[in-house]
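**Q** task: produce atomic coordinates for the following.
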Amino acid sequence: MPVSKAQQKATAKYALKAYDRIELQVYKGEKEPIKSHATTQNESLNAFINRAIKETIERDNATKKSSNSKAWENFLNDLEEIADDEPNKTENNHLKAWEDFYTNISACDEPLTEFERIKFKEIEI
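**A** Okay, the predicted model is just below:
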């Protein structure tokens, strides 16, 4: 049974409210391999592209977080080394450790976690 004009209109109205549209362009000949891969994954082309986007965002964010964690780890290691230094050098070394840490964190583009903010308050100079 064909879909009525009223049903088509209702579906179009819902789609406008519920979805954002993104036009995707690929070079000639690339669409079919992508569509074929989506089919082998039992997904529509649209579902496959959405999954690819979500997984890429998650992976990119995980990379940023791991960079942030590495900066934190380096900072804590620096503080441990400072504790073993001579007492009169400690203040300058603390400042250098903080400076290095903030430089590394700034490069990560990832905000500090609540845990990291709490830890900073505990160890502030």
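**Q** report the helix or strand with the lowest average pLDDT across this protein.
**A** Ranked by mean pLDDT, DSSP states H and E, the weakest helix or strand in the chain is helix 114-123, scoring a mean of 58.
**Q** residues in contact with Ala38?
**A** 44-45, 47-49 (Cβ atoms under 8 Å, 6 or more residues apart in numbering). (C-beta placed from N, C-alpha, C; glycine too.)
**Q** tell me the secondary structure at it.
**A** With DSSP: H, G, I helix; E, B strand; the rest coil as the basis, the three-state label of Ala38 is helix.
**Q** gap between it and Glu32?
**A** Distance, Ala38 to Glu32, using Cβ to Cβ, to the nearest Å: 11 Å.
**Q** one more: Lys13?
**A** Distance from Lys13 to Glu32, by Cβ to Cβ: 33 Å.
**Q** state the three-state secondary structure for Lys9.
**A** Secondary structure assignment for Lys9 (three-state DSSP): helix.
**Q** got a list of what it touches?
**A** Here Lys9 is in contact with no residues (criterion: Cβ under 8 Å, 6+ apart).
**Q** about what we covered before: are any of the contacts of Ala38 buried, and if so which?
**A** Among the contacts of Ala38, those classed as buried by 16 or more other Cβ atoms under 10 Å are Phe48.
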